[in-house]
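Participant: structure of the sequence below:
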Amino acid sequence: MKQAICLLVLWLFWGNATLAQNFNVLDYGAVADGISLDTQAVQNAIDACHANGGGKVFIPSGKTVRIGTIYLKSFVTLHVANGAVLLGSPDIKDYATDTHKNMYKNEPHMDRCLIFAEDAQNIAIEGYGTIDGNGYTSNFTKKKGGRPMLIRFVNVTDIRVNNITLQNPAAWTSAWLYCSNIAVNGIKIHSRANGNGDGLDFDGCTNVSVTNSFFDNSDDSICIQASLPEKPAKNIAVSNCHFTTKWGGIRIGLLSRGAISSVTVSNCTFRDIQDSGLKIQQCEGGEMKNMVFSNLVMENVPRPVFMTFTQQRASVDTPEGTLEPLSRMHNFSFNNIIVDNTEGDKNAAFFITGYPGHAIEHVSLSNIQFTVAGGGTKTDAQKQIPEYTQKVLKGWWPEFGLVGTLPASGIYARHIKGFSIDNFKMISLKQDARPMVQVKNVHEATYENLQYNGAVIAKKQIKQER
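Facilitator: Numbers count the residues shown, from 1 in each chain. Model (predicted):
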């Protein structure tokens, strides 16, 4: 009997302690009908949770809670329960203007956001519910006053985002600036309601893990970048994820004033991507190095790898007319990749180009199976690809629309020091008049076991462009 009473007391004590850590937004005045604006109620729950020393702010099942900008704080977990929706207001006036800024030039219309945290620690977003930005063009455009992002974190350490659905942002789904110790797992992003619908954008972040997640975007699904010279992006691992997007699966660079290094992407699938699976672009003065991309499957992805070294202004903090000095790009490995572009056209290819006087160093392609539609002509084979200098780029960075059809059917590479291709097998469904591989100013190169439609390609058959 005494033992039972003791157990009951312990249960009541721990049960009440657990309940005390949950801050239900309904208890703080949220109407939760999907129409009333519940911003203040949700913020009151966050503030109370933070003042308590931490806990969970709870969005209950079956409820739709409509909000403008809210501010997450240290030791707060935002829990959106299964069947619950945290819905962004359709009115730009409900979004605060003190939520930092978008770091890209010419894009201040994306400065606002729905969920913001700055100088915080140990925060989380979790639950099997949905955070919906309500970002349709009927609500938000540049002309209507702006397009808020869904989430922005600045200088936050120890972040967990688990099992949540993030959908319909008016701009990017998330921007993570100068954060560290990040784990994202089991999330789903659907971002097709508006333009530039990036998924996860990590800027100057360290110690990042993204696993077991699903992406369907109108722009790059994951971005890794460094907008400040003193804030490197490093130690970033992406694995077991699935990408579909209108633009790039994973983009590394553009914002590249700081160093970007130690990146791995493994065991992922890419499907129905209109541009590139992997876009790696250095242009603003930081060093980019030490990256491995392995065990990837791409279907209907015309540019498996689009890699450029150029000199461009991308950051909003770089004065107009100013260019950062070029640094280095080196140590990149692409291994165990299957690419099936049988539904595409003749523009499917690997494209890797350095800059005159600034070679990309030590790039390896190994164990690649590449299936393409083919159909390149003799005229295509004679095409000259311009150097991507300022005169050619005219203030923008290279995209494949600028490149167009390549003079090679499989790989076009130039300005590389230390280039290896090993066990690269290509199948072209239609006859193609272009060489499988064309290189220019490539030094210290090794080519082993290259096959085109089952026939071995000799080194002498690799075209050296003038």
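
Participant: can you get me a residue count around Ala45?
Facilitator: 28 (other C-beta atoms under 10 Å). C-betas here are computed from N, CA, C, even on glycine.

Participant: also Asn82?
Facilitator: Look at Asn82: counted by other C-beta under 10 Å, it has 11 neighbours.

Participant: what about the helices in the chain?
Facilitator: With DSSP state H, the ranges of helices along the chain come out as 2-20, 39-51, 378-381, 390-393, 400-403.

Participant: worst average pLDDT in those?
Facilitator: Between those, the lowest average pLDDT goes to helix 2-20, which shows a mean of 44.

Participant: just give me the neighbour total for the nearest residue to Phe306 once chain neighbours are set aside.
Facilitator: Of all residues not flanking Phe306 in the chain, Ser276 sits nearest, at 4.1 Å (C-beta to C-beta, 6 or more residues apart in numbering). Residues near Ser276, counting by other C-beta under 10 Å, number 27.

Participant: Arg251 too?
Facilitator: 24.

Participant: mind listing what it touches?
Facilitator: Residues in contact with Arg251 (C-beta atoms under 8 Å, 6 or more residues apart in numbering) are 220, 222-225, 276, 279-281.

Participant: again, but for Asn336
Facilitator: So Asn336 contacts 294-296, 366-367 (C-beta under 8 Å, 6+ apart).

Participant: re the thing from before, I figured the residue nearest to Phe306 hits Lys246, correct?
Facilitator: No: taking contacts as C-beta atoms under 8 Å, Ser276 lies outside contact range of Lys246: 11.4 Å.

Participant: beta-bridge partners for the residue nearest to Phe306, please?
Facilitator: Judged by DSSP bridges, the bridge partners of Ser276 are Gly248, Arg303.

Participant: quick check: it vs Asn194, distance?
Facilitator: For Ser276, the distance to Asn194 equals 21 Å [C-beta to C-beta, to the nearest Å].

Participant: C-alpha coordinates for stretch 308-326, PDB please?
Facilitator: Included here for stretch 308-326 are C-alpha records, laid out as PDB according to Å, rounded to 0.1, in the frame of the first residue of the first chain:
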ATOM      1  CA  THR A 308      32.200  27.200 -61.900                       C
ATOM      2  CA  PHE A 309      34.900  29.500 -60.600                       C
ATOM      3  CA  THR A 310      34.200  33.100 -61.500                       C
ATOM      4  CA  GLN A 311      34.400  36.600 -60.100                       C
ATOM      5  CA  GLN A 312      31.100  38.100 -59.300                       C
ATOM      6  CA  ARG A 313      29.300  40.300 -56.700                       C
ATOM      7  CA  ALA A 314      26.500  38.300 -55.000                       C
ATOM      8  CA  SER A 315      26.400  39.700 -51.400                       C
ATOM      9  CA  VAL A 316      24.300  42.700 -50.500                       C
ATOM     10  CA  ASP A 317      27.100  43.900 -48.200                       C
ATOM     11  CA  THR A 318      29.600  44.100 -51.100                       C
ATOM     12  CA  PRO A 319      29.600  47.600 -52.500                       C
ATOM     13  CA  GLU A 320      28.200  47.900 -56.000                       C
ATOM     14  CA  GLY A 321      31.100  47.800 -58.600                       C
ATOM     15  CA  THR A 322      33.400  46.000 -56.200                       C
ATOM     16  CA  LEU A 323      34.600  42.500 -56.800                       C
ATOM     17  CA  GLU A 324      36.300  40.200 -54.200                       C
ATOM     18  CA  PRO A 325      39.700  38.800 -55.200                       C
ATOM     19  CA  LEU A 326      39.600  35.100 -56.300                       C
END
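
Participant: same question for that stretch, mean pLDDT?
Facilitator: Here stretch 308-326 scores 89 as its mean pLDDT.

Participant: with stretch 276-296 instead?
Facilitator: Stretch 276-296 comes out at a mean pLDDT of 96.

Participant: repeat that for stretch 431-450.
Facilitator: Mean predicted lDDT for stretch 431-450 stands at 96.

Participant: how far does that stretch sit from the chain's center?
Facilitator: 30 Å (C-alpha atoms, centre = their mean, to the nearest Å).

Participant: now stretch 172-184
Facilitator: How far stretch 172-184 lies from its chain's middle: 10 Å, per C-alpha atoms, centre = their mean.

Participant: okay, buried residues for it please.
Facilitator: 172-182, 184 (16 or more other C-beta atoms under 10 Å).

Participant: with stretch 106-115 instead?
Facilitator: By 16+ other C-beta under 10 Å, the buried positions in stretch 106-115 come out as 107, 109-115.

Participant: same question, stretch 262-279
Facilitator: Buried-residue list, stretch 262-279, by 16+ other C-beta under 10 Å: 262-263, 265-266, 268-271, 273, 275-279.

Participant: next one: stretch 23-42
Facilitator: 23-26, 28, 30-32, 38-39, 41-42.

Participant: show me how the protein divides into domains.
Facilitator: Here the domain parsing of the chain from automatic domain parsing is 21-127+141-166+181-190, 220-466.

Participant: Throw these into JSON lines and include distance to Gly133, thanks.
Facilitator: Listed next are the domains of the chain as JSON lines, based on distance: least, C-beta to C-beta, whole Å:
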{"stretch": "domain 21-127+141-166+181-190", "distance to Gly133": "4"}
{"stretch": "domain 220-466", "distance to Gly133": "16"}
